[in-house]
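Asks: quick one, structure for this:
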Amino acid sequence: MQYQSIGEQFREQFQILVADTNELKNEVFKIRYEVYCQELNYESSEKFPSFQETDSYDEHSIHCLLKHRQSNTYTGCIRLVFPNTENPERSLPLTRVCQLDLDLNQLSLHYYGEVSRLAVRGQFRRRTGEAQTPGGLLIFPHQTNDPQEKRGFPIIALSLYLAATCLAVETGMVRVFVLMEPRLARHLRYFGFFFTCYYNLTNLLVN
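Replies: Below is the predicted model:
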């Protein structure tokens, strides 16, 4: 099949869902466990005997799932975290690991948040060189030889960031933070995501 646009190709192969039920949220947490605990060892699997990777920020987040239509498989996830009104200074995940060159107290709690916990299942991430990143950059499944399918998978991580961006706009946010590799930030710039660096050590913090 010849696609007229990337958007048409994406809609044919994938579906974005808001994980607004316990069942869908469990799918999110399972993907995160697979990627962060089993594949990348970012988190200890012993902390999650239920095989679902969760944290305290999930309670004040909106979660998104990406579904691959042909295989009926959930391939990836991402979340949009809202500030915790009870403890705004430590209410975003990034505040645990870095000190921003920005005072969050000067921002209205209703106007900012954080995109985090991007995760794409290993079989949908890029060749071996990208297997060690949660979302990959260029992504395709090793199991398929279908050229149309392979051309579709580079947009997986992009589509999840777009989904989170749409949620941020819908909820009235005007500033969104995300902790990511500089290389991914450069790739996203090609697709219209422009970033301001507020912290730069081994990762970029951008909005």
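
Asks: right, and residue 122 touches residue 39 too?
Replies: Yes - contact status for residue 122 versus residue 39: in contact at 5.2 Å, counting by Cβ atoms under 8 Å. The C-beta positions use only the backbone N, C-alpha and C, and glycine is treated the same way.

Asks: what about residue 179, neighbour count?
Replies: 17 (other Cβ atoms under 10 Å).

Asks: for it, give me the pLDDT.
Replies: Per-residue pLDDT puts residue 179 at 85.

Asks: dump the helix or strand harbouring it to PDB, restricted to CA.
Replies: Assigned by DSSP states H and E, residue 179 belongs to strand 175-180. Taking Å, rounded to 0.1, in the frame of the first residue of the first chain, the C-alpha atoms of strand 175-180 are listed here in PDB:
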ATOM      1  CA  ARG A 175       5.300  24.900  29.800                       C
ATOM      2  CA  VAL A 176       6.300  21.200  29.800                       C
ATOM      3  CA  PHE A 177       9.600  19.800  31.000                       C
ATOM      4  CA  VAL A 178      11.200  16.600  29.900                       C
ATOM      5  CA  LEU A 179      14.600  15.000  30.700                       C
ATOM      6  CA  MET A 180      16.100  13.400  27.600                       C
END
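
Asks: shaky segments in the protein?
Replies: Low-confidence segments of the chain, defined by pLDDT under 70: 1-7, 88-89, 101, 126-154, 200-207.

Asks: who are the packing partners of the lengthiest helix in the chain?
Replies: Longest helix in the chain by number of residues, with DSSP state H as the criterion: helix 156-170. Applying 3 or more Cβ pairs under 8 Å, 6 or more residues apart in numbering; DSSP states H and E, one finds that helix 156-170 makes contact with strand 14-18, strand 61-68, strand 73-81, strand 112-120, strand 175-180, helix 182-189.
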